[in-house]
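Colleague: Following is a predicted model, sequence given first.
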Amino acid sequence: MLDPGSLEAALDALGRVLAARGLAYELVTVGGSSLMLLGLLRRPTRDLDVVAMVESGQYVKLRELPQPLLEAARDVGDALGIGPRWLNVGPSDLLDFGLPEGFAERTAVRRYGSLTLRLASRQDQLALKLYAAVDQGPQSKHLQDLRALEPKHEELVAAARWAVTHDPSAPFRSELTAALAALGMGDADVHF
């Protein structure tokens, strides 16, 4: 598991390994580890989720990490005892339907040697976490993360409006309403 200290150490090591190998990457990250790097969450997590790679200023969807980056991440994972999959492209399908409008402009940039990360903002993380909480259910870590972030009513409404752009179906809306209720919003408060 990664905590703030071990995650920073892994990213520092990865940046140094990439530099030593003459490589450089710019990645867009989301999820619990990104929230940890922003100082918004402290729960341990297993991995850092890469949603895209940046090439010529554009977000590019990855089916898997480029082989040289994958090898460097595995080497770092082995050396630090955090496993080979601590850096992965699990949520890259989010690009298929689009990230929240203005996402790229709100990212926070962190540099670790030859590795640059663009961390999703709190606002965008709320939308992504709400979508994931509905998808994975009320017992998911995503709903727990949302509670820990203590979103305001307006933030939840904005997050819900984005979430239904990914799945406008009636069953999704019903589950979304239930997730919002679990976060303290009543039916009268929900307008998406």
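Modeller: Yes, it's here. Numbers count the residues shown, from 1 in each chain.

Colleague: Alpha carbons only: can I get the helix or strand of the chain with the lowest mean pLDDT in PDB?
Modeller: Sorted by mean pLDDT, DSSP states H and E, the helices and strands of the chain end with helix 94-97, the least confident at a mean of 89. Presented in PDB, the C-alpha positions along helix 94-97 are these (Å, rounded to 0.1, in the frame of the first residue of the first chain):
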ATOM      1  CA  LEU A  94     -13.000   7.800 -18.900                       C
ATOM      2  CA  LEU A  95     -11.600   9.500 -22.000                       C
ATOM      3  CA  ASP A  96     -14.100   7.700 -24.300                       C
ATOM      4  CA  PHE A  97     -17.000   9.900 -23.100                       C
END
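
Colleague: what's the model's confidence in the helix or strand that comes right after it, averaged?
Modeller: Toward the C-terminus, helix 94-97 is succeeded by helix 103-106 as the next helix or strand (DSSP states H and E). Averaged across helix 103-106, pLDDT comes to 97.

Colleague: Repeat that for stretch 47-55.
Modeller: Averaging the model's pLDDT scores along stretch 47-55 yields 97.

Colleague: so how far is that stretch from its chain's centroid?
Modeller: Its chain's average C-alpha position is 8 Å from that of stretch 47-55, according to CA atoms, centre = their mean, to the nearest Å.
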